[in-house]
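1. sequence plus the predicted model coming up.
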2 protein chains.
Amino acid sequence: MNVGERVDRRRRRRRRERAGDQATNGIAGNRQATYLRQLRNPYRPIEQFSADQIETIHETSLKILQEIGLRVLSPEACDIYRQAGADVDAGDNRVRMAPELVMRCLADAPAEVHLQARNPKCNVDIGGNAVAIGTVGGPPHFSDLQSGRQSGTMAAFENFLRLAQSFDVIHIVGPLVEPIDVDTNVRHLHMTRSQVALTEKIPFVYARGREAVTDALEIVRIAHGMAEETFADTPVCYTVVNVNSPLQLDNTMCKGIIDFAKRGQLMVLTPFTLAGAMAPVTLPGALAQQNAEALAGIALSQLVRPGAPVCYGGFTSNVDMKTGAPAFGTPEYVKAAFASGQLARRYKLPFRSSNVNTSNTPDAQAAYESQMALWGAVMGGCNIVMHGAGWLEGGLTASFEKFIIDIEMLQMFASLMQPVAFDEDALAMSSIREIEPGGHFFGTQHTLAHYETAFYSPLLSDWRNYETWKDAGGIDATTRAHMIYKDTIAKYEAPPMDAAVRTEIGDFIARREAEGGADLDN
Amino acid sequence: MNVGERVDRRRRRRRRERAGDQATNGIAGNRQATYLRQLRNPYRPIEQFSADQIETIHETSLKILQEIGLRVLSPEACDIYRQAGADVDAGDNRVRMAPELVMRCLADAPAEVHLQARNPKCNVDIGGNAVAIGTVGGPPHFSDLQSGRQSGTMAAFENFLRLAQSFDVIHIVGPLVEPIDVDTNVRHLHMTRSQVALTEKIPFVYARGREAVTDALEIVRIAHGMAEETFADTPVCYTVVNVNSPLQLDNTMCKGIIDFAKRGQLMVLTPFTLAGAMAPVTLPGALAQQNAEALAGIALSQLVRPGAPVCYGGFTSNVDMKTGAPAFGTPEYVKAAFASGQLARRYKLPFRSSNVNTSNTPDAQAAYESQMALWGAVMGGCNIVMHGAGWLEGGLTASFEKFIIDIEMLQMFASLMQPVAFDEDALAMSSIREIEPGGHFFGTQHTLAHYETAFYSPLLSDWRNYETWKDAGGIDATTRAHMIYKDTIAKYEAPPMDAAVRTEIGDFIARREAEGGADLDN
């Protein structure tokens, strides 16, 4: 009997023995929690460095941009930098910028972005103390307990979308898993259609060349039923631009920055500064480099279109010095997240961090490394938690069970962010007066008046006593996560979409397919 | 093949295949990390409530003590309260205290306590930004993957002690698991001897009656080779006194407060305020009650001996409103920890919190709930993390695998607390200048100069890539924790103890056993 069969048997037994129990495990209940829609973080961010130290990192990064510069592998971007007054060395494509130029560009970047979803209930703010949570994005593999680890497929991509739609704590869709079974020249068409058809959340568009971006944005525009002029002034989707750290912006990434700025869509600029590999081994140095790279990319977007919506991405982590492999959710990662938040706020920019881990399986390690990363993100004051649900194996696998484990953790954070009622009723003096010393508060008027909403109600956690849990099969959290993921997909209902819109998207995709899809080198 | 056999087989295979790998998994390495000895938390604590709200909780708790009072089931304690000016109702043992009396007592309590271990390297400060970490304490059961869940034994108690001694991130010993196979009248004798013989860390003494406390303190005194007068002015061990919430102090607990104050040993006063059960369902009310109970107990200790070492314990959590069962590591638990830290600092008292969870098995749930609790503790500014390693199942089981999972998490926190070097070398401008754009920092002078100490080196986490991990058996974190726990106990060496001291303790225990042990009702 393989794992999948064991899971199935357990699930059947569990269903037989405890009919209706799944409902009390909270899926339905938690979906209704309206507080999950727009999170606001009430806590003062944790600071890793003093204000002076942050200023020193800032100055070091400006010095890097002025004296060392970035290699920019896009003639178009080099022209834009040059016209703005940067020193561009045509020989080695090195762009050097004076501090004044960098800071002038940054002054144009908006502090907050309002992302409009096709269902207004799913609109989400980015910036200030607003927090938006996205799914995993990018892994070439996916896994679940039943089938193991496999190459990404469109079917898996769509099942992750169904999960993303099903939980209100997910606000924006990440690119989930790479659907390798779809040809690359048309992959963007199908990925975008699936996102807008299967969810109402903010969609993601890969910056994989000019034609692919134009196609994907067109599908999103049609889904919103927007005129082109409205679209360019209304952020409705987002992309992530990574720097080829150290200090290199490639042609595709530059086009992404330029195109997203022109079309007024959100661009998250994230250097990939792994300390000890693509950045200095010391945290202040890695952060200075991250900051230089982020500022250079954001400056380019503001040169293309002042006020273009952007987000400062922090992804600094460290490698395992024994093997050179990247490690995530480490103490160094947490410190970098705290510091990156300070830097983003230094420039009044929204801040992106991530929920990451290095584990090869959705186990205790995956959970504690993810928690470290999440606390770094949330208490670092981040506005977008990317890879919020499903990331495993340093980003090489999207795990269905990890997705559910993450949803539970994210819902706990969402609950943590809710303000505590603080009035005479909450202080409960009369209730305390009413109970005899050594007595109990079950069944009092005060308890009954509050019990339904007083506490967080878990999705995945099992709080039953040992004997009851054991009698019901003694199922661990990862296996329960498998059951919840299957159950959620079985119960999934697609959000409504106007038939005319659906047809228009279908016609557009058919036409582009007939034209041979996108030239990804363009 | 049962789980234990599978574990054994995997372990053998793993040993065969990757001989020497255990060493690189960090046990030896991490034991040498001297920074684990005395932790200092550099972060500003997270605040749950405004200063005004904290003041309101403070005032509400003083009003509770004045108007409602505590039931105190100890004639001796009632006398002490009465002599200090409290209003004692002999009819129902209700003690009511004026705010001035409470605050006068609190003014005598020390803000910091220096705990002296029998090996000075294991001395630890409690208070300010110092953080000390203790093991689990109290469960009637223990478990490991091989043998499952069993009633506590002295053999298990001693194996946990061996683990506690083996990891520098553990500073103080909790009472681990209850050794039910030892008679209650002599259990304290053997528990105390095992602690001082098998570890050099700060020992725990249960407040289980006057005779048992006297016996246990005598064994600790002998282990330290201290004169009685020195002992009474030198905190070397600690106890926890729980309030029978709501608002009741029983006779045994009162004797514990009195005896520990008289002997100058640390007393951690922890109300057991589960919101919705032993306290109001609303957090401000539960905290007001917790605060009233803590202040009353601490006041008693200061009336016995002004300046007696004490610690403010926060344990407020919530019940699962569906079943009434306690839940730990919840969002409400975290909020209560943040708020309790604010209250303790309001009185300039050291603060105790805990690493707790509700899971029935050392799985992903155990890890993420524990992480929530640990972040609540550490960022709540706590000075003692009780149940730091090994707690499972809401405190009903001490788990060997969970102990190792916790050690990894605690070591990550210890690393997080280390300050980041911040100078020209750390900013690494010359290293960044040296590397070509798109290049890498492996093997540079700067990287080589730092790589051995730059990053946290894990004990349990497996950072190898998927294929390598899979080829080596694809072992999850909980199973690896089992292997590390067994390996640690196999490699354990008892700390040195003077033969004369060992004999004196043995003679003392033999005499007390001959006398029939302790009368636990006294």
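-> Structure received.

2. how is chain A carved up into domains?
-> As given by automatic domain parsing, the domain ranges for chain A are A:114-410, A:424-455.

3. so which of those comes closest to B:G443?
-> domain A:114-410 (10.1 Å; C-beta to C-beta). (C-beta placed from N, C-alpha, C; glycine too.)

4. got the end-to-end distance for the closest one?
-> Using C-alpha to C-alpha, to the nearest Å, the end-to-end distance of domain A:114-410 comes out at 21 Å.

5. try stretch A:106-119
-> First-to-last residue span, stretch A:106-119, C-alpha to C-alpha: 32 Å.

6. also stretch A:89-104?
-> So stretch A:89-104: terminal residues 22 Å apart, C-alpha to C-alpha.

7. give the helix, strand or coil label for whichever residue of the stretch 51-200 of chain A sits closest to chain B.
-> Using C-beta to the nearest C-beta, the single residue of the stretch 51-200 of chain A nearest to chain B is A:R71, 3.6 Å away. Under DSSP: H, G, I helix; E, B strand; the rest coil, A:R71 falls in the strand class.

8. test my guess that it contacts B:I435.
-> No. Under the criterion of C-beta atoms under 8 Å, A:R71 is not in contact with B:I435, lying 11.4 Å apart.

9. any idea of the pLDDT on the closest residue to the residue of the stretch 51-200 of chain A closest to chain B other than its chain neighbours?
-> Distances taken as C-beta to C-beta, 6 or more residues apart in numbering or on different chains place B:P437 nearest to A:R71, at 3.6 Å, with adjacent residues excluded. On the pLDDT scale, B:P437 is placed at 96.

10. so what's the residue count around B:P437?
-> The number of residues packed near B:P437 is 20, by other C-beta atoms under 10 Å in any protein chain shown.

11. and it, what element?
-> For B:P437, there is no enclosing helix or strand under DSSP states H and E.

12. I'd say it and A:I64 touch.
-> No. Using C-beta under 8 Å, B:P437 makes no contact with A:I64, being 11.2 Å away.

13. list the contacts of whichever residue of the stretch 301-450 of chain A sits closest to chain B.
-> Distance from chain B to each residue of the stretch 301-450 of chain A (C-beta to the nearest C-beta) is smallest for A:A428, at 2.8 Å. By C-beta atoms under 8 Å, 6 or more residues apart in numbering or on different chains, A:A428 lies in contact with A:446, B:280-282, B:284-286, B:288.

14. let's go with 7 Å and repeat that
-> A:446, B:280, B:282, B:285 (C-beta atoms under 7 Å, 6 or more residues apart in numbering or on different chains).

15. show me the shaky parts of chain A.
-> Across chain A, residues meeting the criterion (pLDDT under 70) sit at A:1-34.

16. if we can go back for a sec, so what's the residue of the stretch 301-450 of chain A closest to chain B closest to, chain neighbours aside?
-> A:A428 sits nearest to B:G285 (C-beta to C-beta, 6+ apart), 2.8 Å away.

17. tally of neighbours for that neighbour?
-> Neighbours of B:G285 (other C-beta under 10 Å): 28.

18. now the helix or strand containing it: how far from the chain's centre is it?
-> In this structure, B:G285 sits in helix B:283-304 according to DSSP H and E. Between the centre of helix B:283-304 and the centre of its chain there are 20 Å (C-alpha atoms, centre = their mean, to the nearest Å).

19. equivalent analysis for stretch A:161-173, please.
-> Counting by C-alpha atoms, centre = their mean, stretch A:161-173 comes out at 11 Å from the chain centroid.

20. please apply the same query to stretch A:178-185.
-> 22 Å.

21. related to what we said a few turns ago, so in terms of bridging, what pairs with the residue of the stretch 51-200 of chain A closest to chain B?
-> Beta-bridge pairing for A:R71 (DSSP bridges): A:R94, A:Q248.

22. return the distance of stretch A:426-437 from the chain's centre.
-> With C-alpha atoms, centre = their mean, you get 44 Å for stretch A:426-437.

23. show residues contacting the helix or strand where A:I219 lies.
-> Using DSSP H and E, the element containing A:I219 is helix A:210-224. For helix A:210-224, contacts defined as C-beta under 7 Å, 6+ apart pick out A:118, A:188-189, A:192-193, A:196, A:203, A:205-207, A:231, A:236-237, A:255-256, A:259, A:263, A:265, A:501, A:504-505, A:508, A:512, A:518-520, A:522.

24. what comes up buried for stretch A:494-512?
-> Within stretch A:494-512, the residues that qualify as buried are A:501, A:504-505, A:508-509, A:512, counting by 16 or more other C-beta atoms under 10 Å in any protein chain shown.

25. same question for stretch A:182-192.
-> Buried, per 16+ other C-beta under 10 Å, within stretch A:182-192: A:182, A:185-192.

26. sorry, back to before: drop anything exposed from the contacts of helix A:210-224.
-> Of those, these count as buried by 16+ other C-beta under 10 Å: A:118, A:188-189, A:192-193, A:196, A:203, A:205-207, A:231, A:236-237, A:255-256, A:259, A:263, A:265, A:501, A:504-505, A:508, A:512, A:518.

27. so which of those also contact chain B?
-> Contacts with chain B are made by none of the buried ones among the contacts of helix A:210-224, judged by C-beta under 7 Å from any C-beta of the partner chain.

28. turn the contacts of A:A428 into TSV, columns for distance to A:N244.
-> Formatted as TSV, the contacts of A:A428 follow (distance: C-beta to C-beta, whole Å):
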residue	distance to A:N244
A:H446	60
B:P280	56
B:T282	53
B:G285	55
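
29. highest neighbour count among these?
-> B:P280 (32 neighbours).

30. how about the nearest residue to that one once chain neighbours are set aside, phi and psi?
-> Using C-beta to C-beta, 6+ apart and skipping the chain neighbours, the partner closest in space to B:P280 is A:A428 (3.5 Å). Phi and psi for A:A428, reported as degrees, to the nearest 10, are phi 60, psi 30.

31. how about the residues of the stretch 1-150 of chain A by chain B?
-> Residues of the stretch 1-150 of chain A lying near chain B (C-beta under 7 Å from any C-beta): A:24, A:43, A:46, A:53, A:60, A:63-64, A:68, A:70-71.

32. do that again at 8 Å, thanks
-> Counting by C-beta under 8 Å from any C-beta of the partner chain, the stretch 1-150 of chain A comes close to chain B at A:24, A:43-44, A:46-49, A:53, A:56-57, A:60, A:63-64, A:67-68, A:70-71, A:94, A:149.
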